[in-house]
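Asks: next comes the sequence, and after it the predicted model I'd like to discuss.
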Amino acid sequence: MAQLDREQLISPDPKYDNLLVTRLINQVMRRGKKSVARKNVYLAFDIIKEKTKQKPVDLFEKAIDNVAPRLEVRSRRIGGATYQVPMEVGRKRATTLAMRWIIKSARSGKGNPFHERLARELMDANNKEGSAFKKKENVHKMAEANKAFAHFAW
């Protein structure tokens, strides 16, 4: 049997009818509490809509695009030595990493409720700033620094 793409197994979220928003909700979700995750994402999108006066889904997609890495380093063991080899990142993995970094940086903040921190992080990522965007920059710098080992990628 051909392996099904996981993208086919999730349905678009009810409010925005978008698969990417569903993926965000699923990554925000903890301990199977999808309704809590959905509420937090929708509240964050409401804050974005209120503050920026633009469609939150468009801003979210642009934020993901800004944070998604193009290159990453992977460890490769060659002849007893381990090299950090820069490799291109696939589209789906890049999107997943971007969401993971945005959620992680929103969770690491203290003081405000999670939905406010998530909204702030998405707006920062949209403007090419914030800790998730810095993470992408660091990953790219690491790949650039290890460009000499690119010939080990196969």
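Replies: Everything's here; your move.

Asks: what values do phi and psi take at Arg30?
Replies: Reported as degrees, to the nearest 10, the phi and psi values for Arg30 are phi -130, psi 140.

Asks: neighbours of it, how many?
Replies: 10 (other Cβ atoms under 10 Å). To be clear about C-beta, it is placed using only N, CA and C from the backbone, and glycine gets the same treatment.

Asks: residues contacting it?
Replies: Arg30 sits next to Val36, Ala37 when contact means Cβ atoms under 8 Å, 6 or more residues apart in numbering.

Asks: give the residue spans of the protein that score low on pLDDT.
Replies: Per-residue confidence for the chain (pLDDT under 70) gives these ranges: 1-8, 154.

Asks: the helices in it, which residues?
Replies: Counting by DSSP state H, the segments of the chain that form helices are 19-28, 34-52, 56-67, 91-108, 114-126, 131-145.

Asks: dump these to TSV, plus mean neighbour count and distance to Gly79.
Replies: Converted to TSV, the helices of the chain look like this (neighbours: other Cβ atoms under 10 Å; distance: least, Cβ to Cβ, whole Å):
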stretch	mean neighbour count	distance to Gly79
helix 19-28	19	38
helix 34-52	18	46
helix 56-67	20	35
helix 91-108	18	28
helix 114-126	22	40
helix 131-145	16	21
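
Asks: next, format those as JSON lines and append distance to Ala81.
Replies: Formatted as JSON lines, these follow (distance: least, Cβ to Cβ, whole Å):
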{"stretch": "helix 19-28", "distance to Ala81": "35"}
{"stretch": "helix 34-52", "distance to Ala81": "43"}
{"stretch": "helix 56-67", "distance to Ala81": "32"}
{"stretch": "helix 91-108", "distance to Ala81": "26"}
{"stretch": "helix 114-126", "distance to Ala81": "36"}
{"stretch": "helix 131-145", "distance to Ala81": "17"}
